[in-house]
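Colleague: after the sequence you'll find the predicted model.
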Amino acid sequence: MRKTALITGASSGIGQELAYIHAQKGGDLVIVARSEDKLQHLKEKLEQQHSISVKVIVKDLAQANAAQEVYDEVVNSGILVDYLVNNAGFGQVGKFYELPWDRQGAMIQLNIVALTQLTHLFLPNFTQRNSGKILNVSSTASLLPGPLQAVYFATKAYVTSLSNALAEELSNTNVTVTNLMPGATETDFGSTSGMDKTALFANAASAKTVAQEGYQGMLDGKLDVMSGLNTSQKIMMSLVPLTPKKILLKQVHQMQEVQ
């Protein structure tokens, strides 16, 4: 039986690669993003190549009522979602007190509120059917504080914490919640946030690799999937719990300074 996946932030990067993967497996899609042109192009390509059905929802999830509007449109279309992929998100580099509040407020709305609300809206149906999978795209940034990206790192810490907690709440059901934690990845995120000019993004992983590992982790019902790290980054992440916090903060600060 075909599975339908709803993917936010599907117009580029990891979200787009996740859409390709799901379509290749013969699954239908609901793709959500702000860019109508990109979504329509993706829809036409996937429907033509894989003989699936793709519904486009053009929505800016940084707006207060957007998550509810997405859910309502899905329900009114009679679509039954099997996989919810909360991928949309963005960051911004700079000192917290110097960055404009409207941008940081929108980041919180998208990275935290929209993700949480969509999860809250779709979960009752998942639990009622005792079937469904959720993939929340967090970040390795969720595991440590992030000077020069203070709000972004904090929002991702929230996503990881929420995802893990929900996974345990649902542990006696067939509904799973998987937390995907990419490292630096080749997406529009780097240029949008300004991170592409930092040392942290010097050896970014491909979005396709991260998407493949995240999607498989979701199918397997894994709790956490860490992806896209090179050897030195893996070593650094393994040392995070052992490193004095002041030293860790300085290291992260230096890596996020624009070159």
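Modeller: Sure, I can see it.
Colleague: quick one, strands of the stretch 101-250 of the chain?
Modeller: For the stretch 101-250 of the chain, the strands defined by DSSP state E, counting those that start in this stretch cover 132-137, 175-182, 185-186, 205-206, 224-227.
Colleague: how about the lengthiest helix in the chain as CSV, C-alpha atoms only?
Modeller: Longest helix in the chain by number of residues, with DSSP state H as the criterion: helix 150-169. Below are the C-alpha coordinates for helix 150-169, written out as CSV (Å, rounded to 0.1, in the frame of the first residue of the first chain):
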residue,chain,number,x,y,z
ALA,A,150,22.4,31.4,19.9
VAL,A,151,18.8,31.2,18.9
TYR,A,152,19.3,28.6,16.2
PHE,A,153,21.2,26.2,18.4
ALA,A,154,18.6,26.7,21.1
THR,A,155,15.7,25.9,18.8
LYS,A,156,17.4,22.7,17.7
ALA,A,157,18.0,21.7,21.3
TYR,A,158,14.3,22.0,21.7
VAL,A,159,13.6,19.8,18.6
THR,A,160,15.9,17.1,19.9
SER,A,161,14.4,17.1,23.4
LEU,A,162,10.8,17.1,22.1
SER,A,163,11.5,14.4,19.6
ASN,A,164,13.1,12.1,22.2
ALA,A,165,10.4,12.7,24.7
LEU,A,166,7.6,12.0,22.3
ALA,A,167,9.4,8.8,21.1
GLU,A,168,9.3,7.5,24.7
GLU,A,169,5.6,8.6,25.1
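Colleague: that helix vs strand 175-182, what angle?
Modeller: Per axes from the mean of the first three to the mean of the last three Cα atoms, to 10 degrees, the angle that helix 150-169 makes with strand 175-182 is 150 degrees.
Colleague: now helix 150-169, how far from the centre of its chain.
Modeller: 11 Å (Cα atoms, centre = their mean, to the nearest Å).
Colleague: show me the contact partners of that helix.
Modeller: 86, 89-92, 96, 104, 107-108, 111-112, 115-116, 119, 123, 134, 136-139, 141-146, 176-179, 181, 193, 223-224 (Cβ atoms under 8 Å, 6 or more residues apart in numbering). C-beta here means a position set from N, CA and C on the backbone, and glycine is covered the same way.
Colleague: can I get stretch 46-53 as CSV, trimmed to CA atoms?
Modeller: What follows is stretch 46-53, C-alpha atoms only, in CSV (Å, rounded to 0.1, in the frame of the first residue of the first chain):
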residue,chain,number,x,y,z
LEU,A,46,8.3,13.4,-9.6
GLU,A,47,4.8,12.7,-11.0
GLN,A,48,6.3,12.2,-14.4
GLN,A,49,9.2,10.0,-13.4
HIS,A,50,7.5,7.9,-10.7
SER,A,51,3.8,7.9,-11.5
ILE,A,52,2.9,9.1,-8.0
SER,A,53,0.6,11.9,-6.7
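Colleague: quick revisit: which one of the strands of the stretch 101-250 of the chain has the poorest average confidence?
Modeller: Of all these, mean pLDDT reaches its minimum on strand 185-186 (a mean of 62).
Colleague: just to revisit the earlier point, per-residue confidence averaged over the longest helix of the chain?
Modeller: Here the average pLDDT along helix 150-169 is 98.
Colleague: before we move on, back to that, JSON lines please, covering the strands of the stretch 101-250 of the chain and showing distance to Thr243 and mean neighbour count.
Modeller: Output for those, formatted as JSON lines (distance: least, Cβ to Cβ, whole Å; neighbours: other Cβ atoms under 10 Å):
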{"stretch": "strand 132-137", "distance to Thr243": "26", "mean neighbour count": "26"}
{"stretch": "strand 175-182", "distance to Thr243": "18", "mean neighbour count": "26"}
{"stretch": "strand 185-186", "distance to Thr243": "24", "mean neighbour count": "21"}
{"stretch": "strand 205-206", "distance to Thr243": "23", "mean neighbour count": "16"}
{"stretch": "strand 224-227", "distance to Thr243": "17", "mean neighbour count": "19"}
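Colleague: so how far is Val70 from Ser171?
Modeller: 27 Å (Cβ to Cβ, to the nearest Å).
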